[in-house]
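Novice: Please find the sequence and the predicted model below.
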Amino acid sequence: MHRVALHYTLHTGEDDVARGVQHPLSTLLGAVADAGSIAAAARRIGASYRHVWGALKRWEAELGQPLVHWEQGQAARLTDFAAKLLWAERQAQARLAPQIEALRGELEHAFAAAFDPEVQWLALHASHDEALVALRAYAAQQAGLHLDLRFTGSVDAIRALNEGRCLLAGFHGLAQAPRHSATARAYRARLKPGQHKLIGFACRTQGLIVAPGNPLQLHTLRDVAARAVRFVQRSPGSGTRVLLQELLAAEGLPEDALATLPRGETTHSAAAEAVAAGAADAALGIEAAARQRGLTFVPLAEEHYHLVCLKSALQQPAVRALRALLAAPAWQQQMAQWPGYAPLHCGEVLSLRQTLPWWNFRKNITPPAQNGHLVLSQ
């Protein structure tokens, strides 16, 4: 059995910081798989042909199995073993992304305090979101604000806020979920008007993540259910799992209508990785996760992603700094360029009762489903 050792490096600029835990073998295999030749792979990673060829040979000797089919005049192809190795590493990276980001945050907190005892630090527990990863880097660069970002389920994030384990939480849900919906059941008891305040963040699109070109022609959850395709479920307590309940109800489908895989994934990245590797046929997730892996995205619904804090925290310097950063045109222009995202009341303090329809005491009406897309009023 091969053991794993971890190490980290220090950088002065965010541009040099790679996400995840990098390993040279996975970098080599990914470059060969994507480029189709040793020479092209070498150019992609900025190395010489001789270096890449020698490194692959050394790894083959170390692992005792061939990694690349070397037929002369043919495109370089990964062996089945190498393809499995690459998929396993990518899947592990996607699944461990929340823990890796938490570890990175702990280390950066320690070093930031050592260099500057007055540094601003803000603990944020949130449902997995690619825009928050970008915000973390942007806040450090532009405002010297360090976000201690911990990815967890939406429900767990709000619980952490209420238990005092973070200053800010991130959760998401349909814009027009009715009073007795899954969204209301998941969040209503944990959010109190007058005690909690929302901070606007983003509108984002969720939908089906499927193989390139959508060969199974999956356009709605009813298609997924009728064809019994392998579907990636998200872990309990995640906002996307709550969203799935809402979408199934809108289609008139029971919660057990889908042929879900046994293991629920904790992030959009991990769900998309399962589809990319052929371990699943479809997943529910954000557009950015699909595009990053060359997958096809079928939009199903728009949702609002909110940040929430206690009312008493609004005047804390770190929260005020973050709100100012979110309200800046430069940040909002950056967010608007990402697939499936749009800024929504960025940095504004919002009322629970006015923003979340299931806090209004008038009768709520479930939005109609048309062609498999949940229609939301804005």
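Specialist: That came through fine.

Novice: where do the helices sit along the stretch 151-300 of the chain?
Specialist: Here the stretch 151-300 of the chain has its helices, by DSSP state H, counting those that start in this stretch, at 154-162, 182-187, 221-226, 239-250, 268-276, 287-292.

Novice: Nearest to Gln142, out of these?
Specialist: helix 287-292 (21.2 Å; Cβ to Cβ). Every residue, glycine included, has its C-beta placed from N, CA and C.

Novice: Who are the packing partners of that closest one?
Specialist: When contacts are defined as 3 or more Cβ pairs under 8 Å, 6 or more residues apart in numbering; DSSP states H and E, helix 287-292 sits against strand 196-210, helix 268-276, strand 296-310.

Novice: hang on, Val298 packs against Leu221?
Specialist: No: using Cβ atoms under 8 Å, Val298 makes no contact with Leu221, being 10.1 Å away.

Novice: Compare the two (neighbour count), which wins?
Specialist: Leu221 (23 against 19; other Cβ atoms under 10 Å).

Novice: okay, now the closest residue to the more buried one other than its chain neighbours: neighbour count?
Specialist: Leaving aside its sequence neighbours, Leu221 sits nearest to Glu251 (Cβ to Cβ, 6 or more residues apart in numbering; 5.2 Å). As a burial measure, Glu251 scores 19 neighbours (other Cβ under 10 Å).

Novice: doesn't Val224 make contact with Glu251?
Specialist: No: with contact defined as Cβ under 8 Å, Glu251 does not reach Val224; the gap is 9.8 Å.

Novice: if we can go back for a sec, what residues are shared contacts of Val298 and Leu221?
Specialist: Common neighbours of Val298 and Leu221, counting by Cβ atoms under 8 Å, 6 or more residues apart in numbering, are Leu208.

Novice: Number of residues surrounding Glu303?
Specialist: 25.

Novice: all numbers from here: first residue = 352
Specialist: Will do, 352 is the new start, and the previous item becomes Glu654.

Novice: what's near enough to touch it?
Specialist: When contacts are counted by Cβ under 8 Å, 6+ apart, Glu654 touches 523-526, 554-557, 594.

Novice: Show the residue spans covered by the strands in the stretch 352-501 of the chain.
Specialist: Assigned by DSSP state E, counting those that start in this stretch, the stretch 352-501 of the chain shows strands spanning 419-420, 428-429, 471-477, 496-502.

Novice: Which among the ones you listed is found nearest to Leu542?
Specialist: Between the strands of the stretch 352-501 of the chain, strand 471-477 lies closest to Leu542; by Cβ to Cβ that is 14.5 Å.

Novice: From the recorded domain assignment, give the ranges for this protein.
Specialist: Listed by automatic domain parsing, the domain ranges of the chain are 370-438, 470-725.

Novice: for the last one, the distance to its chain's centre please.
Specialist: In other words, domain 470-725. 9 Å (Cα atoms, centre = their mean, to the nearest Å).

Novice: Identify the bridge partners of His420.
Specialist: Arg428 (DSSP bridges).

Novice: Relative to Ile389, how far out is it?
Specialist: 11 Å (Cβ to Cβ, to the nearest Å).

Novice: Of the two, which one has the most company?
Specialist: Ile389 (20 against 13).

Novice: who's in contact with the more buried one?
Specialist: Ile389 touches 383, 400, 403-404, 407, 419, 427, counting by Cβ under 8 Å, 6+ apart.

Novice: Provide a list of residues in contact with the residue lying closest to Val403 once chain neighbours are set aside.
Specialist: Nearest non-adjacent residue to Val403, counting by Cβ to Cβ, 6+ apart: Ala393, 4.4 Å away. Ala393 is in contact with 382, 399-400, 402-403, counting by Cβ under 8 Å, 6+ apart.

Novice: Alright, that wraps it up for me.
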